[in-house]
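Asks: Sequence and predicted model, in that order:
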Amino acid sequence: AQSVTQLGSHVSVSEGALVLLRCNYSSSVPPYLFWYVQYPNQGLQLLLKYTSAATLVKGINGFEAEFKKSETSFHLTKPSAHMSDAAEYFCAVSDAGGTSYGKLTFGQGTILTVHP
Amino acid sequence: KAGVTQTPRYLIKTRGQQVTLSCSPISGHRSVSWYQQTPGQGLQFLFEYFSETQRNKGNFPGRFSGRQFSNSRSEMNVSTLELGDSALYLCASSHPGTSIYEQYFGPGTRLTVT
């Protein structure tokens, strides 16, 4: 079974500081990995996705993530935090086929707080 | 392109009642997935429909059901509501023809059971 672990339910950074949100996955097949962001009272917005084409993936709003198979990790980073980045972030995994049609398995989420 | 829409956005029901939530996917998307989001359990997969067929189902009781219509719109139904069914219900659509299976989410329906 697939699973995702997000280390740290809350992360707090200062505006302009590096953002690092951690995600480790477990999958018996090559995974497809995603990061989503959720603002209060909204649905989830796709930030970026790993498709096996490149290990460093760039997404929207200056975010990027690096797939490290040896560490089973897919950490999300942003060089300089902005106040508008404050939200909850979810890492998700899919095996994109087989009997897991349409199913994303999500981590528990990390709430990012950005201080002025 | 219009995004995924869900109606209603907010709903208050009483224990024992039933409820139907609606989801319209992005035009051209044929797969619709449903998720339940709660503070305690996080985001949990309910089921997925493609071409009017349920292809995948999560670990929820039979009180949770769904269907998909020929235009890909989907509904989910919860019967005999319990307090624990209070949650944000999200639907997501995708185009399985791509190799990536990214899902696009609607704004959700906030269900409160009293």
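Replies: Everything's here; your move.
Asks: check contacts around the residue of chain A found nearest chain B.
Replies: As assessed by CB to the nearest CB, chain B sits closest to A:G102 within chain A, at 2.9 Å. (Glycine included, C-beta is placed from N, CA and C.) For A:G102, the contact set (CB atoms under 8 Å, 6 or more residues apart in numbering or on different chains) comprises B:S31, B:V32, B:S33, B:F45, B:E48, B:Y49, B:F50, B:R55, B:N56, B:S94, B:Y101, B:Q103.
Asks: will you turn those into CSV that also has pLDDT, secondary structure and neighbour count?
Replies: Putting the contacts of A:G102 into CSV (pLDDT from 0 to 100; DSSP: H, G, I helix; E, B strand; the rest coil; neighbours: other CB atoms under 10 Å in any protein chain shown) gives the following:
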residue, pLDDT, secondary structure, neighbour count
B:S31, 92, strand, 24
B:V32, 95, strand, 28
B:S33, 95, strand, 28
B:F45, 95, strand, 21
B:E48, 93, strand, 27
B:Y49, 93, strand, 28
B:F50, 91, strand, 19
B:R55, 89, strand, 17
B:N56, 89, strand, 18
B:S94, 91, strand, 25
B:Y101, 71, coil, 23
B:Q103, 92, coil, 27
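Asks: With respect to chain A, which of those residues is nearest?
Replies: Using CB to the nearest CB, B:E48 is the member of these that sits closest to chain A, with 2.9 Å.
Asks: How about that closest one, nearest residue that isn't a chain neighbour?
Replies: For B:E48, the nearest residue in space outside its immediate sequence neighbours is A:G102; the separation is 2.9 Å by CB to CB, 6 or more residues apart in numbering or on different chains.
Asks: and if you look at B:Q6?
Replies: B:G106 (4.0 Å).
Asks: any idea how far the residue of chain A closest to chain B is from B:G66?
Replies: Distance check for A:G102 against B:G66: by CB to CB, to the nearest Å, it reads 12 Å.
Asks: Common neighbours of the two, please.
Replies: With CB under 8 Å, 6+ apart applied, the overlap between the contact sets of A:G102 and B:G66 consists of B:Y49.
Asks: need the contact list for B:Q17.
Replies: With contacts taken as CB under 8 Å, 6+ apart, B:Q17 has the following neighbours: B:T80, B:L81.
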